[in-house]
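[1] need the 3D shape of this:
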Amino acid sequence: MTPSPNSVPLAVPLPEQDIAQQVNPLVPSAPLPEIDLPANQPTRITPPRPTPPLPEQPLPQLPAPEDLLPTPAPVQPEDLPGDVPATVFVERFNVVGSTVFTEAELAEATAPFSGREISFAELLQARSAVTQLYVDQGYITSGAFIPPQTVEDGVVTIQVLEGSLEEINVTGTRRLNPGYVRSRLALAASTPLNQNRLLEGLQLLQLDPLIQTISADLQAGTRPGTSVLQVEVQEADSFNVQLSADNGRSPSVGSFRRQIQFDQGNLTGLGDALSVGYTNTDGSNEVNASYTLPLNPRNGTLRLAAGRANSEVIEEPFDQLNIDAPSQYYEITLRQPLIQTPTEEFSLGFTASRQESQTQIDGEGFPLSLDADEEGRTKVSALRFFQEWTERSSQHVFAVRSQFSLGVDWLGATVSDETADSRFLAWRGQGQWVRLLAPDLLLLVRTDVQLSDSPLVSLEQFSIGGAQSVRGYRQDAILTNNGALFSTEVRVPVLRVPEIQGVLQIVPFIDVGTAWNNPDVELDPSTLIGAGVGLLWQHNDFSARLDWGIPLVDVEGEKRTWQENGIYFSIIYTPF
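    Next comes the predicted model:
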């Protein structure tokens with residue numbers, strides 16, 4: 001067979017990534033039947049480890065504060081008996097029992113009544129001024145009173161009784177443990193009880209996906225200065241099934257992907273979540289599962305996740321080689337929000353992960369790149385430290401995620417002194433800004449950057465090209481150690497169907513991705529640019545999207561699939 005000008009004769013099996021974009025040279029191998037290989041074939045066979053998406057939706061409309069927590073009438077403690085002098089000389093007031101305000105702040109509040117002879121009515125006004133100081137700052141169940149006393153040297157004592165919560169009663173829950181709600185509200189109900197802080201706690205619960213609606217009412221307690229919080233909860237449906245289809249996988253294993261996902265957000269009543277998903281293409285099958293357990297009322301969580309996949313190369317002419325790649329991953333993640341308000345969240349997290357893959361030909365392990373051992377196996381153990389910050393309002397959401405990954409040689413991980421292995425240090429930063437310019441008119445800007453100190457195994461490399469990267473190119477057109485991505489799109493409504501809450505948006509977009517390696521290995525091309533337009537239809541539990549991307553940088557290779565011709569689609573339906 002005479003090779004064509006755009007092909008190279010096959011002397012080894014298919015490498016783990018684009019032949020024209022290789023980072024790692026091929027491993028010499030026993031000769032196989034000669035096949036002409038196009039000079040530009042992306043071939044990431046193993047699916048990437050799932051990563052959580054950045055939030056895209058602005059803050060939903062919250063109920064009015066008076067609907068969440070009506071303001072109770074202030075309770076004024078009883079003052080001293082009425083048999084007091086008509087007037088009294090007051091040099092100053094001694095306010096005791098306050099843990100909120102400084103002496104200077106309290107002295108300022110009572111200054112109009114100090115240093116002169118005042119009437120009994122003015123004495124009560126001085127007391128009320130201290131109470132009002134508390135009420136103005138949201139301490140609506142706190143108050144001041146004048147206890148029985150003997151006035152000496154013109155010093156009058158005002159006693160402050162700071163309000164506290166005696167009990168939190170939660171009603172209306174079905175499967176959700178009332179303690180889930182009670183413990184979170186208790187954080188916002190510390191003494192002295194503050195209405196603003198309590199309202200913020202109720203708003204956080206209103207945003208919780210396990211709760212449909214929540215309202216509360218402060219009632220008088222059994223002792224002076226105490227209150228009982230009556231909380232009414234309506235649970236949200238915590239079970240959901242999602243069906244989806246798209247053409248987002250690499251054509252090497254079949255670009256048309258089908259998926260079914262089962263999510264139970266409240267498995268045992270503790271707010272623990274179980275997620276199980278199955279994904280299939282013509283050449284691959286993949287199962288992923290995760291379990292998330294709340295650890296504390298501040299929404300700290302422990303997450304266990306695992307997945308297993310088997311991928312077979314079905315793309316011509318490589319399908320003749322019977323190449324398949326079983327893979328699996330396991331990870332455990334601790335995540336703790338440090339700042340959490342209805343509009344802002346800052347969290348830290350730590351993940352320990354393990355990834356294993358093997359490439360096989362006719363069922364026999366065989367190395368297809370230098371980052372695999374003689375049986376074609378690649379094993380990566382890594383510790384990952386991540387930081388997440390989200391700030392949102394009803395008009396925008398801004399989210400960033402930073403992750404440092406340290407590869408280690410634990411548990412038999414791949415180790416090599418000559419090629420990429422499990423020992424590495426990499427940083428990945430992701431950012432997304434969504435701005436609501438008008439009803440249903442959205443601007444979305446997204447960035448993604450990865451930096452590494454050394455060559456990476458293919459499981460850890462940065463991908464450029466595809467529906468979630470640079471549109472106009474096939475999935476994983478470039479795999480690289482270091483890369484950067486910038487994407488922006490505008491979603492413009494062109495049709496609304498109020499009867500079904502449906503909206504059709506036209507979506508012009510532009511994507512740019514660039515790559516470089518360490519050590520320096522030339523990539524040609526190293527930058528991909530795509531521009532195009534899409535259509536997005538959304539209503540209730542159904543959404544569909546069709547994008548057409550035009551490549552502005554030429555990349556050699558055949559264009560057999562929709563994806564390789566810049567056409568991407570996705571359909572998502574949530575029947576439950």
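[2] show me the beta-bridge partners of residue 530.
    residue 511, residue 551 (DSSP bridges).
[3] hang on, residue 535 in a strand?
    Yes: judged by DSSP: H, G, I helix; E, B strand; the rest coil, residue 535 forms part of a strand.
[4] does residue 535 touch residue 503 like I think?
    No: Residue 535 lies out of contact with residue 503 (CB atoms under 8 Å); the separation is 11.4 Å. Bear in mind the C-beta positions are built from the backbone N, C-alpha and C, glycine included.
[5] of the two, who's got more company?
    residue 503 (18 against 15; other CB atoms under 10 Å).
[6] partners of that one in the sheet?
    Beta-bridge partners of residue 503, as defined by DSSP bridges: residue 496, residue 538.
[7] quick one: it and residue 204, what's the gap?
    For residue 503, the distance to residue 204 equals 29 Å [CB to CB, to the nearest Å].
[8] go on, residue 419?
    Taken as CB to CB, the span from residue 419 to residue 204 is 49 Å.
[9] do residue 175 as well
    20 Å.
[10] which one of those two has more residues nearby?
    More crowded of residue 175 and residue 204, by other CB under 10 Å: residue 204, with 20 against 13.
[11] okay, now the residue nearest to residue 463 when sequence neighbours are not counted: neighbour count?
    Of all residues not flanking residue 463 in the chain, residue 476 sits nearest, at 4.8 Å (CB to CB, 6 or more residues apart in numbering). Residue 476: 25 surrounding residues under other CB under 10 Å.
[12] surely residue 93 and residue 114 touch.
    Yes: assessed by CB under 8 Å, residue 93 is found in contact with residue 114 at 6.3 Å.
[13] okay, and the common contacts of these two?
    residue 107 (CB atoms under 8 Å, 6 or more residues apart in numbering).
[14] those two: which has the busier surroundings?
    Set side by side, residue 93 and residue 114 show more neighbours around residue 93, with 25 against 16, by other CB under 10 Å.
[15] where does that one land in three-state SS?
    Under the three-state scheme (three-state DSSP), residue 93 adopts strand.
[16] try residue 390
    strand.
[17] is it true that it touches residue 345?
    Yes: using CB under 8 Å, residue 390 is in contact with residue 345, at 4.9 Å.
[18] the longest strand seen in the chain packs against which elements?
    Criterion DSSP state E: the longest strand present in the chain is strand 323-340. Counting contacts by 3 or more CB pairs under 8 Å, 6 or more residues apart in numbering; DSSP states H and E, strand 323-340 is packed against strand 301-312, strand 344-358, strand 360-361.
[19] ranges for the helices of the stretch 101-250 of the chain?
    Here the stretch 101-250 of the chain has its helices, by DSSP state H, counting those that start in this stretch, at 103-110, 120-136, 178-187, 195-206.
[20] quick one: which of those helices is nearest residue 158?
    helix 120-136 (5.6 Å; CB to CB).
[21] flag every buried residue along the closest one.
    120, 122-124, 126-131, 133-135 (16 or more other CB atoms under 10 Å).
[22] quick check: can you list the domain ranges of this protein?
    The chain breaks down into these domains under automatic domain parsing: 87-161, 164-235, 428-576.
[23] could the ones you listed go into TSV alongside distance to residue 376 and mean pLDDT?
    Below are the domains of the chain laid out as TSV (distance: least, CB to CB, whole Å; pLDDT from 0 to 100):
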stretch	distance to residue 376	mean pLDDT
domain 87-161	64	91
domain 164-235	42	94
domain 428-576	12	92
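[24] could those go into TSV alongside distance to residue 315?
    Compiled in TSV, the domains of the chain are given as follows (distance: least, CB to CB, whole Å):
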stretch	distance to residue 315
domain 87-161	64
domain 164-235	40
domain 428-576	8
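[25] to residue 373, which of these lies closest?
    It is, among the domains of the chain and with distance given as CB to CB, domain 428-576, at 11.5 Å.
[26] quote the end-to-end distance of the closest one.
    End-to-end span of domain 428-576 (CA to CA, to the nearest Å): 35 Å.
[27] run through the strands of the stretch 401-550 of the chain in chain order.
    425-438, 441-452, 462-464, 478-480, 482-497, 502-516, 527-539, 542-551 (DSSP state E, counting those that start in this stretch).
[28] of all the ones you listed, which one is nearest residue 383?
    Nearest to residue 383, of the strands of the stretch 401-550 of the chain and by CB to CB, is strand 425-438 at 10.5 Å.
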